[in-house]
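**Student:** quick one, fold the following:
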Amino acid sequence: MPPLLLSLRPSPSPCLRLRRLLLFRCSASFSATPSSSLAPYHASFDRRMALAGIHPHHRIAVGVSGGPDSMALCVLAAAWKKAAGRKAAGEEGSDASAFVDGLLGVVVDHGLRPESSDEARLVRDRVRGMGIECEIARCEWPDGRPKQGHVQEAAREVRYQKFLDICIKQQIGVLLIAHHSDDQAELFVLRLSRNSGILGLAGTAFVSQLFAPNLKYDGENFRRYGVLLVRPMLDFSKDDMYKICRGSNESWVEDPTNNSMMYARNRIRASLRNLSTEGTFLSGVHKLISACRLARTCVDGTWSMIAKKSVSILEYGYAVIDLEKLDPLNVDDLCLLHYLAYILQFVSQRHRPLRGRSARLLLDYIRTIPCKAALTVAGCYLCAAPRSKGSKVLVCCSVDWMESSSAEISYKCSYEERAPPVPKIDQIVLEGLLQSNQFIQNHSNIPFAYSKSSIDVLNKAKDLNIIDDFTLEKLCYLRTDEQNKFVAKEHKDEEHDMEETKFPDCNVLSLCPGETCHFMSRFLITWKAPEDVNEICLHENEEYLSKICNVNLDGSLEVRHMVDADWLFLAEVCNIHSVEENLSDPKVSSGKMQMDNAPHHYRYLQQSAQKALQILKCIPAAVRRTLPVLTNMQGDIVCIPSIGFRCCPSLSIQAVFYPRVPLGGGYSSYL
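**Tutor:** Model (predicted):
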């Protein structure tokens, strides 16, 4: 079945359908003054953009699928930009043939069907006909088409990655997506069926910060690249989208896969559509979602304030929580778990929610004062901080998790001679934070603060008269019905995965002179090219150089995390009393470092090891194991850059703690 159809028309064959679509004319311009029927939509859009801290002069991208939602978003965004341009120029009209300045439509061609390229071009041409520059981003699937049942999820991940790539390339800091209130209702029921708590039931954020998976060189430094993802249509319904398109004389296309009952969202959408005619059901659902979003906004503000006074981030990639300043016994479960989740996600750079048994263990652990035990959870290792007598908790990466994930989230950074500058979004974030803080001050009471599950949230909403008995009954039914389908599908997928799962070989991350890698998405390791190094090797003879510097034949080194034997090796090197002993001692000569007749190198090696060991003694043992170490293929230690150890002065290798995603996951707003 072809995926795109003209709205309210039967499905023709692909070729005939394309001919009809191509012949359908779109309006190429907007009227100078919005019609009275569309004026409320334009006004609401203006308010939403101002609430996000976004102004018409900002460079903006719009995600476009060709459906009524994204086409309506194009209508409002273009009118908003054009109105500001006319006002600034003092003109009554503008050139209808020119593209709107600073606005770019992005169509993603997923490439999962033969006709997708033709459809993408059709949508692009329609958007350009509206006066908006538009380009197509084509997806590639090097590992083949996603498995059945995972297509939508995989397509979504690739789609947002393409959005990010284009925004970074075009120096765009804001990406608009056409999610609306009906989407929020569907997500609300979906998360009810997964037993999400109040934070999950708040739905998608109004504004959130997206970060590129890899750091890039911007000409001077390596920096995070990202954009602000904004959903300015959350106050509008699906019917509003159709009205905006019709009122602007814009056509759209429908995706027939939205009618397939194979997908959970489609089943929920059909159920909500049937119930929308029943009294106040849909309005009650939206009131409940608004209450959940209010709770989420307040919780976000609370955890952020608590974190500022109780958490310290150390340069070696770990965090320390001051239990006395945190006072966890007097912080409610909701805020405390949110606080802890963000700290663990930051330290591990593993951005998954904490649920079930893990959440309960973590809450019980942090409330045991003084802290005496240790806990491994969510990719992190927690224990009492040294010399704190249990009043502080140390949070660092779990070595077991690092070993299983190092190949997955470690990568080489790309150099670009003229990399585009990072879009300046700091001012937008600042304005958004001011709006959010004002909102929190005006709403001191957090609804559902003590609700432990989705059922608790529903019952509390009924007690607060947010929803009525009918709405409660139907939401409980939808929750149970979809939950049963989800559990059945989950078991089926697990059986299928057990049969199909193949464990890939673990890739080793290697580094060459002039390259930079991001180890575990946490440590930025840079090896300066030889021509940039001021120091020279103590050996002028290339034969000695290869022996002492101990690099691989291709000049590379391998990166791994530190093990206990590494600091034992440093202690061993420090105990060498003289070069003569070094050359005569069989235990030392059979150790990590390759021996030859170069006493000046051993003096340097010993001094480097002594300094490194002094630094290492100040770092907790659990944290030491997470530091990056560079070795050759034989396993000989060549450099431990975080503590300044290197076997030869010609090796200019540095490591700094620079996580891909900042504490808290970046800026977000649920207003």
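
**Student:** what's opposite residue 64 in the beta bridge?
**Tutor:** Under DSSP bridges, the beta-bridge partners of residue 64 are residue 107.

**Student:** who's in contact with it?
**Tutor:** 70-71, 73-74, 105-107, 123, 127, 134 (C-beta atoms under 8 Å, 6 or more residues apart in numbering). C-beta here means a position set from N, CA and C on the backbone, and glycine is covered the same way.

**Student:** show me the contacts for the spatially closest residue to residue 529 that is not a sequence neighbour.
**Tutor:** Closest residue to residue 529 apart from its sequence neighbours, by C-beta to C-beta, 6 or more residues apart in numbering: residue 514 at 3.5 Å. By C-beta under 8 Å, 6+ apart, residue 514 lies in contact with 527-529.

**Student:** quick one: residues contacting the nearest residue to residue 367 once chain neighbours are set aside.
**Tutor:** Excluding the flanking residues, the one nearest residue 367 by C-beta to C-beta, 6+ apart is residue 328, at 4.8 Å. Contacts for residue 328 (C-beta under 8 Å, 6+ apart) come out as 336, 366-367, 369.

**Student:** in ChimeraX, how would I select the buried members of these?
**Tutor:** Remark: buried members of the contacts of residue 328, expressed as a ChimeraX selection using 16 or more other C-beta atoms under 10 Å:
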select :336,366
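
**Student:** pLDDT, secondary structure and distance to residue 411 added to the contacts of residue 328, as TSV?
**Tutor:** TSV is the format used below for the contacts of residue 328 (pLDDT from 0 to 100; DSSP: H, G, I helix; E, B strand; the rest coil; distance: C-beta to C-beta, whole Å):
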residue	pLDDT	secondary structure	distance to residue 411
336	93	helix	34
366	97	helix	33
367	96	coil	38
369	95	coil	40
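
**Student:** of all pairs in the contacts of residue 328, which one is the farthest apart?
**Tutor:** Farthest apart among the contacts of residue 328 by C-beta to C-beta are 336 and 369. That separation is 13.2 Å.

**Student:** just for the stretch 101-250 of the chain, where's the confidence low?
**Tutor:** 149, 218-220 (pLDDT under 70).

**Student:** those strands in it, which residues are they?
**Tutor:** Using DSSP state E, counting those that start in this stretch, the strands assigned to the stretch 101-250 of the chain run over residues 103-109, 133-138, 174-176, 207-211, 216-217, 222-223, 226-230.

**Student:** can you check the stretch 551-671 of the chain too?
**Tutor:** Using DSSP E, counting those that start in this stretch, strands in the stretch 551-671 of the chain cover 557-561, 628-631, 637-640, 645-646, 653-657, 668-669.

**Student:** partners of the fifth one in the sheet?
**Tutor:** Taking DSSP bridges as the criterion, strand 653-657 pairs within the sheet with strand 523-527 (antiparallel).

**Student:** now the first one
**Tutor:** The pairing partners recorded for strand 557-561 under DSSP bridges are strand 509-511 (antiparallel), strand 628-631 (antiparallel).

**Student:** now swap in the fourth one and tell me
**Tutor:** Paired strands of strand 645-646, with direction, are strand 637-640 (antiparallel) (DSSP bridges).

**Student:** now the strand it pairs with: buried residues?
**Tutor:** Within strand 637-640, the residues that qualify as buried are 637-640, counting by 16+ other C-beta under 10 Å.

**Student:** distance to residue 176 and pLDDT for these - can I get that in a markdown table?
**Tutor:** Output for the buried residues of strand 637-640, formatted as a markdown table (distance: C-beta to C-beta, whole Å; pLDDT from 0 to 100):
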| residue | distance to residue 176 | pLDDT |
| --- | --- | --- |
| 637 | 50 | 92 |
| 638 | 48 | 91 |
| 639 | 46 | 94 |
| 640 | 46 | 96 |
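
**Student:** among these, which one sits closest to residue 615?
**Tutor:** Among the buried residues of strand 637-640, and counting by C-beta to C-beta, the member closest to residue 615 is residue 640, at 9.6 Å.

**Student:** for the closest one, which non-adjacent residue is spatially closest?
**Tutor:** Using C-beta to C-beta, 6+ apart, the closest residue to residue 640 is residue 629 (5.2 Å).

**Student:** in contact with that neighbour, which residues?
**Tutor:** Neighbours of residue 629 in contact, by C-beta under 8 Å, 6+ apart: 559-563, 566, 637, 639-640.

**Student:** for residue 517, same thing?
**Tutor:** 410-413, 509, 511, 524-525, 559.

**Student:** could you check the pLDDT of the residue nearest to residue 640?
**Tutor:** With respect to pLDDT, residue 629 scores 96.

**Student:** report the beta-bridge partners for it.
**Tutor:** With DSSP bridges as the rule, residue 629 is bridged to residue 560.

**Student:** distance-wise, check it relative to residue 650.
**Tutor:** 18 Å (C-beta to C-beta, to the nearest Å).

**Student:** just the CA coordinates for stretch 53-64, please, in PDB.
**Tutor:** Coordinates of each C-alpha in stretch 53-64 appear next as PDB, following Å, rounded to 0.1, in the frame of the first residue of the first chain:
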ATOM      1  CA  GLY A  53      12.600  32.700  24.000                       C
ATOM      2  CA  ILE A  54      12.700  32.500  20.200                       C
ATOM      3  CA  HIS A  55      12.500  35.600  18.000                       C
ATOM      4  CA  PRO A  56      12.000  35.900  14.200                       C
ATOM      5  CA  HIS A  57      15.600  36.900  13.600                       C
ATOM      6  CA  HIS A  58      16.800  33.400  14.800                       C
ATOM      7  CA  ARG A  59      17.700  30.900  12.100                       C
ATOM      8  CA  ILE A  60      15.100  28.100  12.300                       C
ATOM      9  CA  ALA A  61      14.600  24.700  10.700                       C
ATOM     10  CA  VAL A  62      11.200  22.900  10.400                       C
ATOM     11  CA  GLY A  63      10.800  19.200  10.200                       C
ATOM     12  CA  VAL A  64       8.400  18.500   7.300                       C
END
